[in-house]
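In: just the structure for this:
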Amino acid sequence: MPEPGNVVVEIERYWLEAGVPGDAVSAMSAELRQHLSDAEADGRNVEEVVGDRVHFAESWAAAYRGKPVATWNDVNSGKTRKQRDSRRDKILFGIGAAAVIAAAALAGQGGNNVDNEFWRWAWTIFAIVMGIGEIFTLGFFLLPFAVGAAAAAILAWFNVAILAQWFVFFGVSIFALAYLRRYIGRQDEGEQPRVGANRWVGSEGLVLQHIDPHTGAGMVTILHEEWRATALSPIEVGERVVVTEVKGARLVVEQIEN
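Out: Model prediction:
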């Protein structure tokens, strides 16, 4: 039988790779640990709380993000978008580092004052144009080139070799592009995920204890978790329900018509 701590660590890793933000994963893990601790105190094991941990982890991640997420198998095989992006970023950082190292090796050679006079202004103007373009587009596409051109302009004003300027331009631009990609992804997502108990809104469950809106009695199970529940009208044990909202520590549910 798996240890509760190992199960939580395994699920945490999946949530992070599936794209759930780190702070949310911390909150979800804390809630899961509390449920497991309560279950252990009641003499129940891990399976009785999470059931199939793969289905449990995938369902909770999908409920949080409000859309389909990478499967457990995709995460373990390295096929998620986050993992592909991570590998691509490492390649970009490697190329950028190589270009900067090459520039450093050439920097001591010095440059021709006449040629550098042209490149000083060329790099400066290019950086300004890219910077202004970024202000109007706000897509983080032109900003890396503005940063790279600004770095090359600094070298030109210090009369560093022109080839070193080009290496720095490419290296710094690639570094900046790899770094800013994470912000591009967040900008594209634009979703407001549901947190805490609100993640259950829209989820279906089963009535464990008769729901009486007058007495406040009622219990439902959703993805192997038990919650106090209320409704506008009585609902019998065994009926399927859907969560419409959360009030305090109770779920507000409606019966699903057969």
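In: when you work out contacts or count neighbours from here on, use the C-alpha atoms and nothing else.
Out: Fine.
In: Ala153 reaches Arg120, doesn't it?
Out: Yes - assessed by C-alpha atoms under 8 Å, Ala153 is found in contact with Arg120 at 5.4 Å.
In: so between these two, which is more surrounded?
Out: Per other C-alpha atoms under 10 Å, whichever of Ala153 and Arg120 has more neighbours is Ala153, with 27 against 21.
In: that one and Ala97, how far apart?
Out: 19 Å (C-alpha to C-alpha, to the nearest Å).
In: sketch out the low-pLDDT regions of the stretch 101-250 of the chain for me.
Out: Low-confidence segments of the stretch 101-250 of the chain, defined by pLDDT under 70: 105-114, 137-139, 182-199, 248-249.
In: tell me where it has strands.
Out: Here the stretch 101-250 of the chain has its strands, by DSSP state E, counting those that start in this stretch, at 204-212, 217-222, 225-230, 240-247, 250-255.
In: and of these, who's closest to Phe158?
Out: strand 240-247 (63.2 Å; C-alpha to C-alpha).
In: starting at the chain centroid, how far to the host helix or strand of Gln34?
Out: In the assignment (DSSP states H and E), Gln34 maps to helix 22-41. In terms of C-alpha atoms, centre = their mean, to the nearest Å, the centre of helix 22-41 is set 19 Å apart from its chain centre.
In: same thing with stretch 247-258?
Out: Counting by C-alpha atoms, centre = their mean, stretch 247-258 is centred 29 Å from the centre of its parent chain.
In: what sits up against that stretch?
Out: Here stretch 247-258 makes contact (C-alpha atoms under 8 Å, 6 or more residues apart in numbering) with 227-232, 235, 239-246.
In: drop anything exposed from the residues you listed.
Out: Buried members of those, scored by 16 or more other C-alpha atoms under 10 Å, are 227-231, 235, 239-246.
In: pipe those into JSON lines and attach distance to Asp38 per row.
Out: Rendered in JSON lines, the data for the buried ones among the contacts of stretch 247-258 read as follows (distance: C-alpha to C-alpha, whole Å):
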{"residue": "Trp227", "distance to Asp38": "13"}
{"residue": "Arg228", "distance to Asp38": "16"}
{"residue": "Ala229", "distance to Asp38": "19"}
{"residue": "Thr230", "distance to Asp38": "23"}
{"residue": "Ala231", "distance to Asp38": "26"}
{"residue": "Ile235", "distance to Asp38": "27"}
{"residue": "Glu239", "distance to Asp38": "26"}
{"residue": "Arg240", "distance to Asp38": "25"}
{"residue": "Val241", "distance to Asp38": "25"}
{"residue": "Val242", "distance to Asp38": "25"}
{"residue": "Val243", "distance to Asp38": "23"}
{"residue": "Thr244", "distance to Asp38": "26"}
{"residue": "Glu245", "distance to Asp38": "25"}
{"residue": "Val246", "distance to Asp38": "22"}
